[in-house]
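J.: Structure, please.
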Amino acid sequence: MSQSVGCADPAFLPGRADARSRSMVGCILNATPHERRFEMTKKASGKIREEIARLQEQLKLAETREAERIGRIALRAGIAELEIEEADLASAFSELAARFRKKGKAAKAEPAGAPQGADGEA
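T.: You can find the predicted model right below:
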């Protein structure tokens, strides 16, 4: 049975460089699962809500950048000029994504110097 290093461990005594931060890290990393849950609940709910709001804003910005990038590519490809139902367009995008996922998996499975055919396929 391994002995966990707690907050009272001499290695984490004040007076050492970064003793306080190492103490917290040491306590959390070496704590039992129950102790870790207790440490996590010490964080104020207001702080957690602030963090969630900040992360939601980051997600919103990232999704906007991705949508703008895909939209610009679609416009350059001439998709906006076509009369396509939204469901058909969504289906075509799904097929395109599946095709690239399949290629990505195949590329990872093949050795780096594997010969390819004329159409780029192995």
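J.: Just list what the helix or strand A67 falls within packs against, helices and strands only.
T.: Element membership for A67 (DSSP states H and E) is helix 45-77. The helices and strands touching helix 45-77, judged by 3 or more Cβ pairs under 8 Å, 6 or more residues apart in numbering; DSSP states H and E, number zero. (Glycine included, C-beta is placed from N, CA and C.)
J.: That helix: which residues count as buried?
T.: By neighbour count on 16 or more other Cβ atoms under 10 Å, the buried set for helix 45-77 is empty.
J.: Can you show me the helices along the protein?
T.: Taking DSSP state H, the helices of the chain run over residues 19-29, 33-41, 45-77, 86-109.
J.: The ones you listed into a markdown table, with extra columns for mean pLDDT?
T.: As requested, those are exported to a markdown table (pLDDT from 0 to 100):
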| stretch | mean pLDDT |
| --- | --- |
| helix 19-29 | 52 |
| helix 33-41 | 66 |
| helix 45-77 | 95 |
| helix 86-109 | 89 |
